[in-house]
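Asks: got a structure for you, letters missing:
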(Lines give C-alpha, C1' and ligand atoms only; values in the text may rest on other atoms or scores of the structure.)
Protein backbone atom coordinates (compact mmCIF):
# COMPACT_ATOMS: atom_id res chain seq x y z
CA UNK A 1 0.00 0.00 0.00
CA UNK A 2 1.32 3.45 -0.88
CA UNK A 3 1.40 6.39 1.50
CA UNK A 4 -0.72 9.38 0.49
CA UNK A 5 2.37 11.58 0.20
CA UNK A 6 3.74 9.34 -2.54
CA UNK A 7 1.16 10.64 -5.03
CA UNK A 8 3.00 13.93 -5.53
CA UNK A 9 0.89 16.36 -3.52
CA UNK A 10 2.59 18.81 -1.15
CA UNK A 11 2.47 17.76 2.51
CA UNK A 12 0.22 20.75 3.32
CA UNK A 13 -2.47 19.36 1.01
CA UNK A 14 -2.84 16.11 2.93
CA UNK A 15 -5.66 16.09 5.47
CA UNK A 16 -6.07 13.11 7.78
CA UNK A 17 -9.80 12.32 7.88
CA UNK A 18 -9.38 9.93 10.80
CA UNK A 19 -10.22 6.23 10.93
CA UNK A 20 -13.03 3.85 10.01
CA UNK A 21 -15.77 5.16 12.39
CA UNK A 22 -15.41 8.56 10.72
CA UNK A 23 -15.61 7.10 7.21
CA UNK A 24 -19.36 7.73 7.00
CA UNK A 25 -18.72 11.37 6.19
CA UNK A 26 -16.34 10.64 3.33
CA UNK A 27 -18.57 7.77 2.20
CA UNK A 28 -21.29 10.29 1.48
CA UNK A 29 -19.20 11.47 -1.45
CA UNK A 30 -20.44 8.39 -3.32
CA UNK A 31 -23.95 9.81 -3.98
CA UNK A 32 -22.32 13.03 -5.18
CA UNK A 33 -19.99 11.08 -7.47
CA UNK A 34 -22.89 9.04 -8.88
CA UNK A 35 -24.95 12.17 -9.52
CA UNK A 36 -22.06 13.92 -11.30
CA UNK A 37 -21.30 10.82 -13.37
CA UNK A 38 -24.92 10.71 -14.52
CA UNK A 39 -25.01 14.44 -15.24
CA UNK A 40 -21.74 14.47 -17.18
CA UNK A 41 -22.28 11.09 -18.81
CA UNK A 42 -18.84 9.89 -17.76
CA UNK A 43 -16.85 9.20 -14.57
CA UNK A 44 -13.94 11.16 -16.09
CA UNK A 45 -13.96 14.24 -13.84
CA UNK A 46 -12.20 15.52 -10.75
CA UNK A 47 -13.27 17.56 -7.76
CA UNK A 48 -11.28 19.18 -5.03
CA UNK A 49 -11.81 20.94 -1.76
CA UNK A 50 -10.09 24.21 -1.11
CA UNK A 51 -9.18 25.83 2.14
CA UNK A 52 -10.21 29.46 2.52
CA UNK A 53 -7.30 31.81 2.15
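Replies: Right, received. Where do you want to start? Treat the numbers as computed from the prediction; the structure is a model and nothing was measured. Numbering: from 1, shown residues only.
Asks: in what helix or strand does the residue minimising distance to the centre of the chain lie?
Replies: In the chain, the centroid-proximal residue (CA atoms, centre = their mean) is residue 48; its distance is 6.9 Å. Using DSSP states H and E, residue 48 sits within no helix or strand.
Asks: Can you give me the distance of it to residue 8?
Replies: In this structure, residue 48 lies at 14 Å from residue 8, with CB to CB, to the nearest Å as the measure. In this view, the C-beta of every residue, glycine as well, is placed from N, C-alpha and C.
Asks: again with residue 16
Replies: Where residue 8 is concerned, residue 16 sits at a distance of 18 Å (CB to CB).
Asks: Could you do residue 53 as well?
Replies: In terms of CB to CB, residue 53 sits 22 Å off from residue 8.
Asks: for residue 37, same thing?
Replies: From residue 37 over to residue 8 (counting by CB to CB), the distance is 25 Å.
Asks: ok, the two, which is more surrounded?
Replies: Taking other CB atoms under 10 Å, residue 37 and residue 8 do not tie; residue 37 has more neighbours (13 against 6).
Asks: First-to-last residue distance for stretch 6-18?
Replies: From its first residue to its last, stretch 6-18 covers 19 Å (CA to CA, to the nearest Å).
Asks: roughly how far out does it sit from the chain middle?
Replies: 11 Å (CA atoms, centre = their mean, to the nearest Å).
Asks: Also stretch 21-40?
Replies: 9 Å.
Asks: can you list the weak-confidence ranges in the chain?
Replies: When residues are selected by pLDDT under 70, those of the chain lie in 1-2, 4-5, 22.
Asks: what about the longest helix in it?
Replies: If you go by DSSP state H, the chain has its longest helix at helix 29-40.
Asks: residues in contact with that helix?
Replies: Helix 29-40 is contacted by residues 43, 45, 47 when judged by CB atoms under 8 Å, 6 or more residues apart in numbering.
Asks: give me phi/psi at the last one?
Replies: The one in question is residue 47. phi -140, psi 160 (degrees, to the nearest 10).
Asks: Quick check: the gap between it and residue 21.
Replies: Residue 47 sits 24 Å away from residue 21, going by CB to CB.
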